[in-house]
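Q: All I have is the shape, not the residue letters:
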């Protein structure tokens, strides 16, 4: 079974790691959000891609979920001494990655090619593709004005009240090489437990991606895993965003979000946490196939267990189609 | 007495440090070569300015003469792992300085203003000015073609046979704010024991600098300190360059270099090492005032001692003019 995962940062990276550990290398591709990418100190920084790659390479900081294990902070200390901006955590090893990526980009090498090279060096065998090689910038519309994503997320610690989002440049962005082909060949497309507004929506907004997923609906299934458990998120501002947009932050709202945005038929299956058992009836009423299971991933075993459950669930949804 | 020093890297920085320790803060300015400056990984790197500033701030690596004390190398290790270029030694604290400088330059702040801010933070009280805020790039013409200075100096370890030099962009470069004013007010101008070809010549090549020094000759004296001792240099390729250009590498050649390039009258006094005593007669025949002394600076005491000697010598040359 050919599987494609759509992922953002920490939560998505964990499930991707579980999937990578159980699926045949050639059958699994992850397409990663780049709407969070930004320029800082002239460096091109790709937070979601780095989180996914560091996690897959086993060099991620296990405690924070982002950044590198055994990281040092001499660069940031030096910047701090000079009165420079320190709101974005730049670890030393991380800076090396940003510098080399920036250098390669300036030589005209595409982001997807750079990721492919880095993955090879880091021993990552599955295919990791950015949603696009064109720069796309997630803008958060807030009561305090429009903020570039990292300004909202890191600098302002998600405090400004959210009104909406836009993805600057996305209308002219092309899917990165392999994105459409891989989605077209996929039998199971997994929407990871990532932020629907700022991790998954940017991917669907790249021209061509939503259409290829819709067009595939007779031959593939799309399964989303809720990032919201009991009205909250393990990490990140997704629940807060739902609330501020006037929507009850729940797994149900996540399923409704994808259905209303991408078409009723696009979302075949939905995975939500056992702690949200009271939502079962409402989800059933939506006419969506569901899997209720423990979705919290505290360690590698959890990642593998959830990955196995999602694959088995996806497979069960796929079987009737193949009859 | 108002004193201005013209300096390049390690040797120049040592004498500047000695001078800064004995002269009244307001009476001493150093003008630093920027011909070595270059872009690497998108960072703007200013090796001579950083060497001078780190030395003055007491945070220089005492062993290498360049770079920071207690430096770590995580960034370069990370770049190395990714197969990126590691020929230029980028220490972690150093990278912080390059990042913040690059960020400020991209905000439109001039190099001289940035240096002024950094000096304040580092507790440097004397005035440090780059020769120009406009980018100037020293190009080394070699038997293997033209090489940007750092490619020649660091990447190729000064191996290619030198035929000449040019300073790309210098014809349109403006002296940084304060350069001409400070030189015009100077009574003693000290050419530090820096490389004549690639540290001092670039400074004199900035339009206006040579003229203001020449015009001052009735009211000030110019004293150069030889970087060449017994046909060799303590550090750097100056002697090798003289040889490859068909000139005997000696203190005498250094004095002749400045006289032939900047005008016979410009160089009032010349300081050379006691080890070169056999050159005394030839230097006397040039009609130049000389000071023969120990010019090797192994420690802070040496720097102060040489600085005192040079100041006393310069003062002695200045006195007759004031009569």
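A: Done, it's in. Source: prediction; values computed, not measured.

Q: element containing residue A:224?
A: Element membership of residue A:224 [criterion: DSSP states H and E] is strand A:221-225.

Q: in that strand, what's buried?
A: For strand A:221-225, a neighbour-count test (16 or more other CB atoms under 10 Å in any protein chain shown) marks A:221-225 as buried. In short, each C-beta sits where N, CA and C put it, glycine included.

Q: what's the answer for stretch A:265-273, then?
A: Buried residues in stretch A:265-273, counted by 16+ other CB under 10 Å: A:266-273.

Q: who in chain A is up against chain B?
A: A:41-43, A:72, A:74-79, A:81-85, A:92-97, A:99-100, A:102-103, A:106, A:117-118, A:121 (CB under 8 Å from any CB of the partner chain).

Q: what's the distance between stretch A:102-120 and the middle of its chain?
A: Mean-position distance between stretch A:102-120 and its chain equals 20 Å (CA atoms, centre = their mean, to the nearest Å).

Q: now do the same end-to-end measure for it.
A: 18 Å (CA to CA, to the nearest Å).

Q: Give me the buried entries from the residues of chain A next to chain B.
A: The neighbour count (16+ other CB under 10 Å) marks A:41-43, A:72, A:74-76, A:78-79, A:81-82, A:84, A:92-97, A:99-100, A:102-103, A:117-118 as buried among the residues of chain A next to chain B.

Q: Against residue A:98, how distant is the residue lying closest to residue A:123 once chain neighbours are set aside?
A: Spatial nearest neighbour of residue A:123, excluding adjacent residues (CB to CB, 6 or more residues apart in numbering or on different chains): residue A:57 at 6.2 Å. Counting by CB to CB, to the nearest Å, the gap between residue A:57 and residue A:98 amounts to 16 Å.

Q: Show the contacting residues for residue A:191.
A: Taking CB atoms under 8 Å, 6 or more residues apart in numbering or on different chains, we find residue A:191 in contact with A:5-6, A:200, A:222-225, A:258, A:267.

Q: Over to residue A:88?
A: Residues in contact with residue A:88 (CB under 8 Å, 6+ apart) are A:40, A:45, A:150, A:154-155.

Q: any chance you could map the helices in chain A?
A: Here chain A has its helices, by DSSP state H, at A:10-22, A:47-57, A:74-81, A:92-106, A:111-121, A:149-150, A:179-185, A:201-205, A:209-215, A:238-244, A:251-262, A:280-285, A:300-322.

Q: Give the buried residues for stretch A:301-311.
A: So, applying 16+ other CB under 10 Å, buried residues of stretch A:301-311: A:302-307, A:309-311.

Q: out of those, who's nearest residue B:251?
A: Among those, residue A:303 lies closest to residue B:251 (CB to CB), at 69.9 Å.

Q: related to what we said a few turns ago, just curious, which of the buried residues of stretch A:301-311 is nearest to residue B:68?
A: Using CB to CB, residue A:303 comes nearest to residue B:68 of those, at 40.9 Å.

Q: and the residue lying closest to residue A:155 once chain neighbours are set aside, how many neighbours?
A: Once flanking residues are discounted, residue A:155 sits nearest to residue A:87: 4.5 Å by CB to CB, 6+ apart. When counting by other CB atoms under 10 Å in any protein chain shown, one arrives at 11 neighbours for residue A:87.

Q: So residue A:87 versus residue A:79, what's the distance?
A: 11 Å.

Q: And for residue A:240?
A: Residue A:240 sits 30 Å away from residue A:79, taking CB to CB as the criterion.

Q: can you check residue A:173 too?
A: 31 Å.

Q: Equivalent analysis for residue A:132, please.
A: 30 Å.

Q: pLDDT wise, what is the residue nearest to residue A:21 when sequence neighbours are not counted at?
A: Of all residues not flanking residue A:21 in the chain, residue A:304 sits nearest, at 5.5 Å (CB to CB, 6+ apart). Residue A:304 carries a pLDDT value of 98.

Q: Contact partners for residue A:304?
A: With contacts defined as CB under 8 Å, 6+ apart, residue A:304 is in contact with A:18, A:21-22.

Q: If you rank those by neighbours, which is first?
A: For the contacts of residue A:304, counting by other CB under 10 Å, the largest number of neighbours falls to residue A:18: 23 neighbours.

Q: Might one say that that one is in contact with residue A:295?
A: No. Counting by CB atoms under 8 Å, residue A:18 stays clear of residue A:295, with 11.1 Å between them.

Q: list residues touching both of the two?
A: Counting by CB under 8 Å, 6+ apart, the shared contacts of residue A:18 and residue A:295 are residue A:306.

Q: returning to what we had before: could you dump the buried residues of stretch A:301-311 to a markdown table with distance to residue A:61?
A: Below are the buried residues of stretch A:301-311 laid out as a markdown table (distance: CB to CB, whole Å):
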| residue | distance to residue A:61 |
| --- | --- |
| A:302 | 17 |
| A:303 | 16 |
| A:304 | 20 |
| A:305 | 22 |
| A:306 | 21 |
| A:307 | 21 |
| A:309 | 26 |
| A:310 | 25 |
| A:311 | 27 |
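
Q: how about those residues, which pair is most distant?
A: The distance between the two most remote of those (CB to CB) is 14.9 Å, for A:302 and A:311.

Q: what's near enough to touch residue A:162?
A: A:140-142, A:237, A:240-241, A:244-245.

Q: try residue A:61
A: Neighbouring residues of residue A:61 by CB under 8 Å, 6+ apart: A:54, A:67-69, A:71.

Q: Okay, it and residue A:37: tell me how far apart.
A: Applying CB to CB, the value for residue A:61 to residue A:37 is 20 Å.

Q: same deal with residue A:99?
A: For residue A:99, the distance to residue A:37 - CB to CB - is 15 Å.

Q: Relative to residue A:93, how far out is residue A:63?
A: On the measure of CB to CB, residue A:63 and residue A:93 end up 16 Å apart.

Q: And the pLDDT for the residue lying closest to residue A:20 once chain neighbours are set aside?
A: Distance criterion CB to CB, 6+ apart; nearest residue to residue A:20, sequence neighbours excluded, is residue A:126 at 4.8 Å. Here, the pLDDT recorded for residue A:126 equals 97.
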